[in-house]
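Q: Test case, fold it:
(2 chains)
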2 protein chains.
Amino acid sequence: MTFPPPHACRIDVAAGTMAGATGTYQKRLADLVGLYADAAAFAARAEKEGTRVVYDVADFRPSGAPGDLIFGVTRMSPGSIGDEFFMTRGHIHAQTDRPEVYYGQKGLGLMQLESPEGETRILEIGAQTICYVPPYWIHRSINIGDEDLVMMFTYPADAGQDYGIIEQSQGMRHRVMRDGKGGWHLVENRDYRPRAPEKIAALLQAAQ
Amino acid sequence: MTFPPPHACRIDVAAGTMAGATGTYQKRLADLVGLYADAAAFAARAEKEGTRVVYDVADFRPSGAPGDLIFGVTRMSPGSIGDEFFMTRGHIHAQTDRPEVYYGQKGLGLMQLESPEGETRILEIGAQTICYVPPYWIHRSINIGDEDLVMMFTYPADAGQDYGIIEQSQGMRHRVMRDGKGGWHLVENRDYRPRAPEKIAALLQAAQ
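A: Numbering: from 1, shown residues only, chains lettered A, B, ... in the order given. I've put the predicted structure just below:
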């Protein structure tokens, strides 16, 4: 296995970008079809603003070797579809026993976490908040503020991402919605299908 | 293996501390005996200020499991012994193929890196600079500014630290010294003993 030499990157907090990255990707509004409770509101928005970039990521990937680390920065626009805040698609790591560390840089967000068994935890992330996502937890970030949410992140290079896990259960168990008083609250996702015991066992045993 | 639940920490950049840490440690001036070229200047300083804290670390250690991540914050005072800047003891990871990611928060520092073969690389770290320390590289941080150097860091939970590697070669190959013009330059460490080929091979093969 070969590794790159010592390397420096520089985060521009205001722009949510990183100089020295090895790659970038963007998600546009139309890419997030199926994520939001209010499908009609989403369709109307996507027709007008489908190509608008709602979040982007710049990362540095030194190698895919076990034990190596990927890091980068993510920026998410503020906004909502109906009463539901802009959010990422969300994932569990393909190698399920891999954690992730997020470090808030700007704006105000939530990390929504869900265990394989279906327990929800919410952590608030502002500037200088570090969020530890333990192994086995599905996670999604949500912009509940009125400016860009910018976070630095690091995760093991062999972690991978499994985005299908959330689709398979028809969303995460809870939705984070505007509460009508300037804040947020959790609402049960009525479409949610709990994972079967054998699926839970497979997720928890995947890398033991 | 059990992991802690989702967890948030908060970095105070001005103070160089982290709320929500699981542990902290401090290095005092007297702990750094043997590190500096000017032993007489060090002895005189240590007699007066030996108990002064020169750097400290707060970290969150979820587990020691392979693939898990430790993170934290480090704060280092500005200063010098003779013409040599305050610096950390330096280490290679005990599991030598483990990297580390440092993220500058405040102040101005250098990451001094040395490969097992004895190649030196220097990366400058200011606020919002991320420094990738590749697997196998010995590394030390140096405060070349006139205020605290504060950095966030992350590394694999099974990495460990080997501090003896630098003592065994009687220091790193180069010393970072004040250049008399307000900057720094590299000076050869005349006591440096290159590692033997079999030692280099052992370091590079340790975890393959």
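Q: Skipping adjacent residues, who's closest to the residue nearest in space to the middle of chain A in space?
A: Closest residue to the average C-alpha location of chain A: A:Arg140 at 3.4 Å, with CA atoms, centre = their mean. Sequence neighbours aside, A:Gly90 is the residue nearest to A:Arg140 in space, at 3.1 Å (criterion: CB to CB, 6 or more residues apart in numbering or on different chains). Glycine gets a C-beta too; all of them are placed from N, C-alpha and C.
Q: rewinding a little: report the contact partners of the residue nearest to the centre of chain A.
A: A:Met87, A:Thr88, A:Arg89, A:Gly90, A:His91, A:Met111, A:Gln112, A:Ile166, A:Met172 (CB atoms under 8 Å, 6 or more residues apart in numbering or on different chains).
Q: 10 Å instead, please
A: A:35, A:87-91, A:110-114, A:166, A:171-172, A:176 (CB atoms under 10 Å, 6 or more residues apart in numbering or on different chains).
Q: again, but for A:Asp38
A: A:Ala44, A:Arg45, A:Ser80, A:Ile81, A:Gly82, A:Asp83, A:Glu84, A:Met177.
Q: What's the separation between it and A:Thr154?
A: A:Asp38 sits 34 Å away from A:Thr154 when distances are taken as CB to CB, to the nearest Å.
Q: hmm, back to that, tabulate the contacts of A:Asp38 (CSV), appending distance to A:Tyr102.
A: What follows is the contacts of A:Asp38, written out as CSV (distance: CB to CB, whole Å):
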residue, distance to A:Tyr102
A:Ala44, 32
A:Arg45, 27
A:Ser80, 21
A:Ile81, 23
A:Gly82, 26
A:Asp83, 25
A:Glu84, 21
A:Met177, 22
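Q: Dump these into CSV; add pLDDT as well.
A: What follows is the contacts of A:Asp38, written out as CSV (pLDDT from 0 to 100):
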residue, pLDDT
A:Ala44, 97
A:Arg45, 97
A:Ser80, 96
A:Ile81, 97
A:Gly82, 96
A:Asp83, 97
A:Glu84, 98
A:Met177, 97
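Q: From those residues, list the buried ones, please.
A: Buried members of the contacts of A:Asp38, counted by 16 or more other CB atoms under 10 Å in any protein chain shown: A:Arg45, A:Ser80, A:Ile81, A:Asp83, A:Glu84, A:Met177.
Q: Tell me the one of those nearest B:Val150?
A: Closest approach between those and B:Val150, by CB to CB: A:Ser80, at 35.5 Å.
Q: coming back round to it: number of nearby residues for the residue nearest to A:Arg140?
A: By the criterion of other CB atoms under 10 Å in any protein chain shown, A:Gly90 has 21 neighbours.
Q: if I pick it, what's in contact with it?
A: So A:Gly90 contacts A:35, A:112-114, A:138-142, A:161, A:163, A:165-167, A:171-172 (CB under 10 Å, 6+ apart).
Q: do A:Gly109 as well
A: So A:Gly109 contacts A:74, A:76, A:78, A:85-88, A:102, A:123-126, A:129, A:131, A:141-145, A:148-151 (CB under 10 Å, 6+ apart).
Q: one more time with 6 Å, if that's ok
A: By CB atoms under 6 Å, 6 or more residues apart in numbering or on different chains, A:Gly109 lies in contact with A:Ile125, A:Ser141, A:Ile142, A:Asn143, A:Leu149.
Q: A:Pro135 now?
A: So A:Pro135 contacts A:Asp97, A:Pro99, B:Phe3 (CB under 6 Å, 6+ apart).
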